[in-house]
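Student: Everything below, folded, please.
(chains A and B)
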Amino acid sequence: MEATAQGIISEKTPTIEISNLVKQYPQTAAPSVNDFSLTCREGEIVGLLGHNGAGKSTTLKCVTGILPFNSGSIKICGYDIKSAPVKAKLCFGYVSDKHDVFVKMTGLQYINFMADAYGVNKSDCLQRLEELDGLFSLGERLNEPISNYSHGMRQKVCMMGSLIHRPKLWILDEPMIGLDPHTSSKVSGFMRDYADGGNTIIFSSHNVGSVQKICDRAVIINKGVKTDDFRLADFHAEKGDLEDYFLSRAAEDAAEVSAE
Amino acid sequence: MKKYALLLKKQLMDALPFGSKNSRSKNAFSYILACVLIAGIIAVFVLIFSKFTSTYLQIKINRVPDVAARQFELMSVSYFILLAALTLTGVGQLCYTLFDNSDIGILISMPFSAGELFASKLTWVYIKQAVLSLVCVLAINITFFTTAGLISAYNVLMSFVAALFMPVLPLALASILVLPYYYLKRIVNSHYLLSFAAMTLLLVAFCIVYAYAFGIVERLVGTGKLASLFNEKTMTGIGAFASSCFPANLIAGVMLARDAGKNIGILAAVILGAAAVCITVVRAVFFRVSQKGFGFHIPHIRRRQFRFYNRGRWGNLLFKEFITVMRTPSYAFMYFATAIAMPLMAFYSAKLASSLLTGLFGNVRFGFELCTFIVILYSSLTNTFCSTGISRDGYMCMTQKTLPYSPSQILSVKMIFAGAVSELSILVACITLAASGLESGADAVVTFISATLLAVAQMAFATRLDLNHPHFARSDDGEIKEANSTVSVIILVGLAVCFALGMLLLYNALGSLIGGSGAATAGKGAGYAYAICIPLALLGASAAYFFVNLKKVYANLDAEV
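Tutor: Numbers count the residues shown, from 1 in each chain, chains lettered A, B, ... in the order given. Okay, here's the model as predicted:
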């Protein structure tokens, strides 16, 4: 089986499989991510919830190959990010929280760059671009250098670039920051459709509301450790409001810290 | 006043190597290297300027010497050039302070008044200009007055006073030019064809000035006289310019103690007026920028139609490098302009050095040794662009790690792009030197091989050094404006290696010529061997340094640490 932009996923292969991940930054006393395991399958939208410094972004950076990790393993569509990084990277698209793009390129050149990087052919590229422009509405501004773009426009072009190869796994770090309410709503709808098309989405967020609205599953991280992992449909029936639960957990953690 | 001092202190701490404990030693090292390089440049300037001064002061018109007039002309023109240079740097400094420095956006939300921010920013710009002015004025004045035998306590004191007040005049002019400059910069940055055209024009101007300047130096070194260059007509023109190049002529008058009282009075009035202009204009722009923003909208061609080009995965990375360089004027200049100008600079330098050595050793020919020395020297200086290959990707280098490219693909494309430009300039330089008869065709081939090996070694070393110690841009445009120790290290190591190899080649040639014709033939072979084997060994060492733990270091690359 060969890796393509669509990956080699079968019904039995998880899109993302993190096992006992440990990541400790140099010169820090404790690991930022500790013994973290997570498996996501196609059709799922998974939200990583946690307060600042909980380890959400670090986990996603390890998954995408941005940061090396100390122990554990990460597989994307069956490919190990350490031993087969290029094949694994062909399977996902990533949107960083800083909206990093090559600011000297025009929006169109950036998307062209991303399409070539993932080996997307010209006709697919044009067709997908039309679809994505319908969603993000950058229009003629795509012909301008990205250095002229606002924060939100950069976020949009990052998202367009990350989706041009129709990745099996879409990874986003704080995706809704910087988007206007209209686009935010359209992106939420798109995420649902995209996951329903047999893909997986995982994103980190501080915003409990957006996780509650978009996700099928929520994973709560605290001090680098996974504390909760539940399907939201079941959660609502059993425990009620996610925000109340998240805040009560945060209060418990704070009480534990002060007791220590 | 307390807040003003606090803001000024913050800028001072940002600029000097007193940061965190971790970065302190690294910053201090880069500052020391930069100081060594600046000292070297000043030493070269002092040498050339003192020689020029002593020759210029002896120029006679109609066989009549007029040392006093020559002194006034030389000082006036020197100050005029300095004022022009300070205006250019002033425009750059003000532009950075007003538009590019992102800390205004943070500071404006803090309990500082806009007036305090403005005053501290303008003071900081003035301090930087004053330091530059002090270094230049002292280098010019002490060299001139020592050579002319006029050094006195008055000259030294006035040099310090001039250095302190001189920056006010260029800053006033710069404050008027900064808005048009910023607008032009935005347009040029957004249209890379325009950027390329502007760069080509600059390059043509540079080549003309370079050829002319080298002509003067060649005659100065060759004959010790400048009579043919500075004929009566030229001298009349210089005299007229010197007496009318206000306010440089007044500063020259003060320095030479001619009508000092009157000139100081006029200069004081002009400086006060200039300070008022500068404060008024910069204040108006600053308040507008800090409170409302000053976003120019640069018009672009409106196309709804999307066009795509399939460049392939490698071509894609090459295109990215090309766009990044072409749309950053300083990088474009470093890459293309210096590489294009390199053959010309090598040719004139080889011609000058050749005539110098002919004067010293008669008909002895050092063609191969000299040309190889000069080509590797200029090549090493132009290749410094590869020392920011990683850093200039900025924070995008992190997102780039998520793309389906291996580290070796990303790094090799960077080196291929730099190498293509470098190799082309080395090739043109070698062809030019061979065609002009400064060395034979066979010699030129060896020179090319030697320079190529050294260039690749330098690129591998520089790329890895940058990967180990990246220095990411703080500004949004991705341009690295801060002091970077990698650049200084690459320049210094490059110069040291080139001088060592060049001197070895020249020494070998000289030694073998003393030994007769047999020794000369053997010496030539040894010269070829040195020129190829030493760079080859350096390439091996550099490649080893490049590849050791490459994957691990690339994986550990973290822009946020």
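Student: how about the strands of the chain, start to end?
Tutor: With no chain named, the answer covers chain A. A:16-23, A:33-40, A:45-49, A:71-76, A:79-80, A:92-95, A:169-173, A:200-205, A:217-222, A:225-231 (DSSP state E).
Student: I was thinking of chain B, sorry if that wasn't clear
Tutor: B:60-61, B:64-65.
Student: Same list (those) but as CSV, adding mean pLDDT.
Tutor: Below are the strands of chain B laid out as CSV (pLDDT from 0 to 100):
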stretch, mean pLDDT
strand B:60-61, 78
strand B:64-65, 80
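Student: Of those, flag the one that's most buried.
Tutor: strand B:60-61 (a mean of 14; mean count of other C-beta atoms under 10 Å in any protein chain shown). Every residue, glycine included, has its C-beta placed from N, CA and C.
Student: Just list the residues touching the residue nearest in space to the middle of chain B, thanks.
Tutor: Compute the mean C-alpha point of chain B, and by C-alpha atoms, centre = their mean the closest residue is residue B:334, 9.0 Å away. Listed by C-beta atoms under 8 Å, 6 or more residues apart in numbering or on different chains, the contact partners of residue B:334 are B:384-385.
Student: measure it to chain A for me?
Tutor: 15 Å (C-beta to the nearest C-beta, to the nearest Å).
Student: which residues touch residue 125?
Tutor: No chain was given, so I picked chain A. Going by C-beta under 8 Å, 6+ apart, residue A:125 touches A:111-112, A:115, A:164, B:308.
Student: looking at chain B here, not the other one
Tutor: Going by C-beta under 8 Å, 6+ apart, residue B:125 touches B:90, B:93-94, B:97, B:171.
Student: Could you check the pLDDT of the residue lying closest to residue B:531 once chain neighbours are set aside?
Tutor: Distances taken as C-beta to C-beta, 6 or more residues apart in numbering or on different chains put residue B:450 closest to residue B:531, at 4.1 Å, once the chain neighbours are dropped. Per-residue confidence (pLDDT) for residue B:450: 96.
Student: Residue A:215 contacts residue A:45, correct?
Tutor: Yes - at 4.8 Å, residue A:215 and residue A:45 qualify as touching, with contact defined as C-beta atoms under 8 Å.
Student: one step back: tell me the contacts of the residue nearest to residue B:531?
Tutor: B:372, B:375-376, B:531-532, B:535.
Student: Who are the packing partners of the longest helix belonging to chain B?
Tutor: If you go by DSSP state H, chain B has its longest helix at helix B:21-57. Judged by 3 or more C-beta pairs under 8 Å, 6 or more residues apart in numbering or on different chains; DSSP states H and E, helix B:21-57 is in contact with helix B:67-95, helix B:114-148, helix B:192-223, helix B:485-514.
Student: ok, residue B:461 to residue B:467 distance?
Tutor: Distance of residue B:461 to residue B:467, computed by C-beta to C-beta, to the nearest Å: 11 Å.
Student: Please apply the same query to residue A:96.
Tutor: Counting by C-beta to C-beta, the gap from residue A:96 to residue B:467 is 20 Å.
Student: and these two? which has more neighbours close in?
Tutor: Neighbours were counted for residue A:96 and for residue B:467 using other C-beta atoms under 10 Å in any protein chain shown; residue A:96 has more, 25 against 22.
Student: I'd say residue B:202 and residue B:337 touch.
Tutor: Yes - counting by C-beta under 8 Å, residue B:337 is a contact partner of residue B:202 at 6.8 Å.
Student: quick one, which of these two is more surrounded?
Tutor: residue B:337 (18 against 13).
Student: List the contacts of the residue lying closest to the more buried one once chain neighbours are set aside.
Tutor: For residue B:337, ignoring the flanking residues on the chain, the nearest one in space by C-beta to C-beta, 6+ apart is residue B:203 at 4.9 Å. Contact analysis of residue B:203 by C-beta under 8 Å, 6+ apart lists B:337, B:340-341.
Student: Need the worst-confidence member of those residues.
Tutor: residue B:337 (73).
Student: Domain map for chain B?
Tutor: Chain B breaks down by automatic domain parsing into domains covering B:34-192+B:224-296, B:312-561.
Student: tell me the most buried of the ones you listed?
Tutor: The stretch of the domains of chain B with the highest mean neighbour count (mean count of other C-beta under 10 Å) is domain B:312-561, at a mean of 19.
Student: how distant is it from the center of its chain?
Tutor: 17 Å (C-alpha atoms, centre = their mean, to the nearest Å).
Student: Equivalent analysis for stretch B:205-224, please.
Tutor: The answer for stretch B:205-224 is 19 Å, by C-alpha atoms, centre = their mean.
Student: Could you pull up the mean pLDDT of it?
Tutor: 73.
Student: picking up where we left off before, nearest to residue B:433, out of the contacts of residue A:125: which one, please.
Tutor: Distance to residue B:433, by C-beta to C-beta, is smallest for residue A:112 among the contacts of residue A:125, at 41.6 Å.
Student: Contact partners for that closest one?
Tutor: A:125, B:308-309, B:311.
Student: Quick one: mean pLDDT for the longest helix of chain B?
Tutor: Here the average pLDDT along helix B:21-57 is 80.
Student: same thing with stretch B:97-114?
Tutor: 73.
Student: Can I get it in PDB, CA atoms only?
Tutor: Extracted C-alpha coordinates of stretch B:97-114, given in PDB (Å, rounded to 0.1, in the frame of the first residue of the first chain):
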ATOM      1  CA  THR B  97      11.000  52.900  14.400                       C
ATOM      2  CA  LEU B  98       7.800  54.300  13.000                       C
ATOM      3  CA  PHE B  99       6.500  51.500  10.900                       C
ATOM      4  CA  ASP B 100       8.300  48.200  11.300                       C
ATOM      5  CA  ASN B 101       9.000  48.000  15.000                       C
ATOM      6  CA  SER B 102       6.100  46.100  16.500                       C
ATOM      7  CA  ASP B 103       6.700  47.200  20.100                       C
ATOM      8  CA  ILE B 104       4.800  50.400  19.500                       C
ATOM      9  CA  GLY B 105       1.600  48.400  19.300                       C
ATOM     10  CA  ILE B 106       2.400  46.900  22.700                       C
ATOM     11  CA  LEU B 107       3.700  50.000  24.400                       C
ATOM     12  CA  ILE B 108       0.800  52.200  23.300                       C
ATOM     13  CA  SER B 109      -1.600  50.100  25.400                       C
ATOM     14  CA  MET B 110       0.600  50.600  28.500                       C
ATOM     15  CA  PRO B 111       0.500  53.600  30.800                       C
ATOM     16  CA  PHE B 112       2.900  55.700  28.700                       C
ATOM     17  CA  SER B 113       1.800  58.900  27.000                       C
ATOM     18  CA  ALA B 114       2.200  59.100  23.300                       C
END
